[in-house]
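Asks: Turn this into a structure:
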Amino acid sequence: MQDVHAMLPVGTLIGDRYTIVGLLGKGGFSAVYLVRDQRVRGNLFALKEMTDTSKQERARFAFECELLKRLDHSALPRVYRSLADDQNNRSYMLMDYIEGPNLETLRQKQPQKRFPLSQAMSMMAPIFEAISYLHRQRPPIIHRDIKPSNIIVPTSGDQTVLVDFGIAKEFDPDSTTTAVRRCSPGFGAPEQYNRGTNTRTDIYGLGATLYTVLTGVVPDDAFYRMTNMGSGNGDPLEPVNQLNPSIPAHVSDAIQRAMNLNIEDRFPTAGQFWQALSAPSVQPMTPMPAVHDPLTPAPVVSIVANSAPGSLTTQPQEAPERTRSRILLPLLLVILALGLLSGLAAAFWPFITGHQGTQTVTPTAVVQHKVTPATAPTAKPTPAHARAGSNPLPTATPIPTTAPTSPPAPSLYPNVAGTHYGTVHNTTGNLNANMSVSLFQNQGNISGNVTIGQPLQGSGPITSGSVQKNNYIQFTVQGYNGHAPLWFNGTVQSNGNMGGQYCSIDQTGLCNANSGGQGTWGVGAIASSSGS
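Replies: Sure thing, here's the model as predicted:
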């Protein structure tokens, strides 16, 4: 029998068109290759391979590829076509190649293998939006493998992208799915082990991903949690704010609910999960006293399937015919009476006022004054990652009382080009040193040099770096004379200052204080221009 784990060598031609350039990742029954299209030179794609001896399973893979081809969302890779190699029991899915590290790789480089809450929320917002988009499809599409290693942070500086659709499927409420080998330990929901999945399966994956990036700990596997509780013990899953006390209680509680072992106790939608994470102070609306006519039905608030996740619209109930007739008949009588009075007034007006004949009326401008409340509602700022018509934050938007203004200009990359001066602090040896960062910028890509003064070392050129529209910046400095490379990450402030954390990178590409050290850094605004 053929070894289904065997990787294809570089140079292999797939479908007489796509040449394998390298291996991007692999799993027990799948691999993802970087391929070049021979018909369109220079075009690179990702080719997802599934190896399975079952012809039925390969047919399912091809079918799901077809349903994914219809998707169009900026936080999801485009899927273009499927290919089959029945002779070697392989199936392929051709999709966009998103260049950049995944969230798990970046997490491992953090000093405590976790991100600050604000940064984690910024990176996860497009993923929540993408999941809401998938679940709004008809029928809904379930990803079923949400985890940090399946979230790419593009080097171009664009928003994060959710990848790896190898186990995505349409949701059929009448079917069940056994998927023991098709979920990742720690991130797979319990129903993926023994029964059918639905859209709330992805809510568990979102919660487990946030749990990991905020605590630096992969959560206990769902199967272990079920076994432990079945033995009469408690749930071993520790709340997020116990592992990371800086996390607010409402965020910890929301993640705990999203990872509930009972599928029905999780959030119904990704939008409601996001709202619980980002808007803890929003309380349920208190019903107003019933001052309307008892014959007029009150409006019913419902979730619209094709709206932004969690957005609310008010849909009035249709009144019964008996109620409608009671309202329409008096209304028609009032209209007829007004019309009759208007005609009589027009006929007798000259006699009442003492003026007869035709008068010329000169129109004058009428100034209308609008009464505004003492405290007008202010528009909430739109996150940099949000796009028009697609907002993952399920907050109500007040109806404007004035004419709409022109749309705001699209968000731009923060300008970091130039020379910045500041300091770096090594927490390993409790040492401080001066530093300067000279940057060249091409939209989201940055390069340049970093100079670190005595008593610390680590000066060198920036070998890879990027700045994102959400003001996140990261770059790697290649050290001279055998010194370990340094990885810097942080935030660009509105005044041009930058700062964050840094660490030494060992030979495996991970942060390791023993390779040189770790600590914090901060520099001021641009001192002199050295780029564009």
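Asks: Just the residues contacting stretch 81-91, thanks.
Replies: With CB atoms under 8 Å, 6 or more residues apart in numbering as the test, stretch 81-91 has contacts from 2, 4, 14-15, 49-53, 55, 58, 61-62, 65-66, 69, 92-94. No exception for glycine: its C-beta is placed from N, CA and C like everyone else's.
Asks: would you list every one of the helices in the protein?
Replies: In the chain, the helices defined using DSSP state H lie at 55-68, 103-108, 117-135, 191-194, 199-215, 222-230, 240-243, 249-258, 270-278, 321-353.
Asks: Now for the closest residue to L210 other than its chain neighbours: which residues touch it?
Replies: With CB to CB, 6 or more residues apart in numbering as the measure, I255 is the residue that lies nearest to L210, at 5.4 Å, once sequence neighbours are left out. Shown here is I255, whose contacts under the criterion CB under 8 Å, 6+ apart are 207, 210-211, 214, 240, 277.
Asks: State the pair within the residues you listed that is farthest apart.
Replies: Every pair in those was compared (CB to CB); the two farthest apart turn out to be Y211 and L277, at 12.0 Å.
Asks: ok, back up a step: can you turn the buried part of the contacts of stretch 81-91 into a PyMOL selection?
Replies: A single PyMOL command is used to select the members of those judged buried by 16 or more other CB atoms under 10 Å:
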select buried, resi 14+49+50+51+52+58+61+62+65+69+92+93+94
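Asks: Do me a favour and get the end-to-end distance for stretch 452-463?
Replies: Using CA to CA, to the nearest Å, the end-to-end distance of stretch 452-463 comes out at 16 Å.
Asks: Please report how far L71 lies from T201.
Replies: Distance check for L71 against T201: by CB to CB, to the nearest Å, it reads 18 Å.
Asks: how much space between H425 and V467?
Replies: Applying CB to CB, the value for H425 to V467 is 22 Å.
Asks: and those two? which has more neighbours close in?
Replies: More neighbours sit around V467 than around the other of H425 and V467, counting by other CB atoms under 10 Å; the figures are 24 against 18.
Asks: show me what contacts the more buried one?
Replies: With contact taken as CB under 8 Å, 6+ apart, V467 is in contact with 157, 413-414, 416, 441, 444, 446, 473, 492.
Asks: Can you list which of those are found in strands?
Replies: Among the contacts of V467, the members falling in strands are 441, 446, 473, 492 (criterion: DSSP state E).
Asks: Enumerate every residue touching the residue nearest to D221 when sequence neighbours are not counted.
Replies: Counting by CB to CB, 6+ apart, the nearest residue to D221 once its immediate chain neighbours are dropped is P185, at 4.6 Å. The neighbours of P185, taking CB under 8 Å, 6+ apart as the test, are 218, 221, 223.
Asks: I152 contacts T105, doesn't it?
Replies: No. With contacts defined as CB atoms under 8 Å, I152 does not count as touching T105, sitting 9.7 Å away.
Asks: When these two are compared, which one has more neighbours?
Replies: A direct count of neighbours by other CB under 10 Å for I152 and T105 places I152 higher, at 22 against 15.
Asks: got a pLDDT number for the more buried one?
Replies: We note a pLDDT of 94 for I152 in this prediction.
Asks: Show me what it is bridged to.
Replies: N102, V161 (DSSP bridges).
Asks: circling back to that earlier point, and of the contacts of V467, the nearest to G517?
Replies: Proximity of the contacts of V467 to G517 (CB to CB) peaks at I473, which lies at 20.3 Å.
Asks: Can you report how many residues lie near the closest one?
Replies: Applying other CB under 10 Å, we find 23 residues neighbouring I473.
Asks: and if you look at the one 5 residues further on?
Replies: Neighbouring residues of Q478 were enumerated by other CB under 10 Å; the total is 17.
Asks: wait, it sits on G460?
Replies: Yes. Q478 sits in contact with G460 when judged by CB under 8 Å, with a separation of 4.8 Å.
Asks: can you list residues touching both of these two?
Replies: When contacts are counted by CB under 8 Å, 6+ apart, Q478 and G460 have P485 as shared neighbours.
Asks: Contact partners for G11?
Replies: Under the criterion of CB under 8 Å, 6+ apart, the neighbours of G11 are 19-20.
Asks: Could you break the protein into its assigned domains?
Replies: By the record's domain assignment, the chain is partitioned as 13-96, 103-278, 418-523 (automatic domain parsing).
Asks: what is the rounded mean pLDDT of the shortest one?
Replies: This means domain 13-96. If you average the per-residue pLDDT over domain 13-96, you get 86.
Asks: how long is it from one end to the other?
Replies: 18 Å.
Asks: Check stretch 417-433 too.
Replies: End-to-end span of stretch 417-433 (CA to CA): 22 Å.
Asks: Pull out the buried positions in it.
Replies: Under the neighbour-count criterion of 16+ other CB under 10 Å, stretch 417-433 has 417-421, 423-426, 433 buried.
Asks: Next, format these as TSV and append distance to T197 and pLDDT.
Replies: As requested, these are exported to TSV (distance: CB to CB, whole Å; pLDDT from 0 to 100):
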residue	distance to T197	pLDDT
A417	48	92
G418	51	92
T419	53	93
H420	49	93
Y421	54	94
T423	51	94
V424	48	93
H425	47	91
N426	48	89
A433	53	93
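Asks: what's the most distant pair in those?
Replies: The distance between the two most remote of the buried residues of stretch 417-433 (CB to CB) is 27.1 Å, for A417 and N426.
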